[in-house]
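*Asks:* This is the structure alone, sequence omitted:
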């Protein structure tokens, strides 16, 4: 496992933001599949920034830009 690129505090902030987003989405009937976990974990670890999440999700689902 690689060393995180951000502080433990920032990792926890990102993890909590993801938990809150998932909860909000569930209220709206939107559920995130487990195949997206590596993308969000990379964000939490600081390997990618928030702007990179959407393009990676689209690529995962083979959607054109």
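*Replies:* Looks like it arrived, so ask away. Note that the structure is predicted; figures quoted are calculated from it, not measured. Numbering: from 1, shown residues only.

*Asks:* what stretches of this structure score poorly on pLDDT?
*Replies:* Scanning the chain for pLDDT under 70 picks out the ranges 1-4, 64-65.

*Asks:* residue nearest the centroid of the chain?
*Replies:* residue 40 (2.3 Å; CA atoms, centre = their mean).

*Asks:* Residues contacting the strand or helix carrying that one, please?
*Replies:* Using DSSP states H and E, residue 40 maps to helix 37-44. The contact list for helix 37-44 (CB atoms under 8 Å, 6 or more residues apart in numbering) reads 11, 14-15, 18, 32, 48-50, 52-53, 56-57, 60. In short, each C-beta sits where N, CA and C put it, glycine included.

*Asks:* Make TSV from those and add distance to residue 24, secondary structure and neighbour count to it.
*Replies:* Shown next, in TSV, are the contacts of helix 37-44 (distance: CB to CB, whole Å; DSSP: H, G, I helix; E, B strand; the rest coil; neighbours: other CB atoms under 10 Å):
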residue	distance to residue 24	secondary structure	neighbour count
11	21	helix	16
14	16	helix	18
15	15	helix	15
18	11	helix	16
32	11	coil	15
48	21	coil	17
49	21	coil	9
50	16	helix	9
52	21	helix	13
53	16	helix	16
56	20	helix	16
57	17	helix	15
60	21	helix	13
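
*Asks:* Please tabulate those residues in TSV, including the columns distance to residue 26.
*Replies:* Converted to TSV, the contacts of helix 37-44 look like this (distance: CB to CB, whole Å):
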residue	distance to residue 26
11	23
14	19
15	17
18	12
32	9
48	24
49	25
50	20
52	24
53	18
56	21
57	17
60	20
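
*Asks:* between the residues you listed, which is nearest residue 25?
*Replies:* residue 32 (6.8 Å; CB to CB).

*Asks:* Report the contact partners of the closest one.
*Replies:* By CB under 8 Å, 6+ apart, the neighbours of residue 32 are 22, 25, 40.
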